[in-house]
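Colleague: need coordinates for the below:
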Amino acid sequence: MSLFKQVTLTWKGEEFTVPADQVMMMIAKVEDVLTLPELMNPKGRPLAKIAMAYGTALRHAGAKVRDDEIYAAMFTAGEQASAATDAVNGLLMMMVPPSVVEQPAAKKAKPSKGASSS
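Modeller: Reported below is the predicted structural model:
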């Protein structure tokens, strides 16, 4: 069983899927371009690297896409206008193991000690 879940990436309305047992390899390829700390930097994210990292992930999933296409889409109006935000969110969600993402939600759902159920 894999630590990760299957990942589905979307580009121009087409979906590309990476099986759970290949997600770690995809993350390694993405981190050759953009590390998780760079991606989470609150002072700004390098758009060119985000485009290259998302392109790396898409190509790993089987898409035929160039990094410059992704970069250009980050600046165009219309359906792809939110490509930068989508790319950042997608990269973060696939690079962080699902168990880590689910832990905060589970902690919030637990009742605190001494809570009554009246």
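Colleague: pull the number of nearby residues for the closest residue to residue 19 other than its chain neighbours.
Modeller: Spatial nearest neighbour of residue 19, chain neighbours left out: residue 6 (5.8 Å); criterion: CB to CB, 6 or more residues apart in numbering. All C-beta atoms are positioned from the backbone trio N, CA, C, and that covers glycine. Here the number of neighbours of residue 6 (other CB atoms under 10 Å) works out to 12.
Colleague: if I pick residue 6, what's in contact with it?
Modeller: By CB atoms under 8 Å, 6 or more residues apart in numbering, the residues touching residue 6 are 17, 18, 19, 20, 23.
Colleague: possible to save these as JSON lines with distance to residue 64 and neighbour count?
Modeller: Formatted as JSON lines, the contacts of residue 6 follow (distance: CB to CB, whole Å; neighbours: other CB atoms under 10 Å):
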{"residue": "17", "distance to residue 64": "15", "neighbour count": "11"}
{"residue": "18", "distance to residue 64": "15", "neighbour count": "23"}
{"residue": "19", "distance to residue 64": "19", "neighbour count": "13"}
{"residue": "20", "distance to residue 64": "23", "neighbour count": "14"}
{"residue": "23", "distance to residue 64": "20", "neighbour count": "22"}
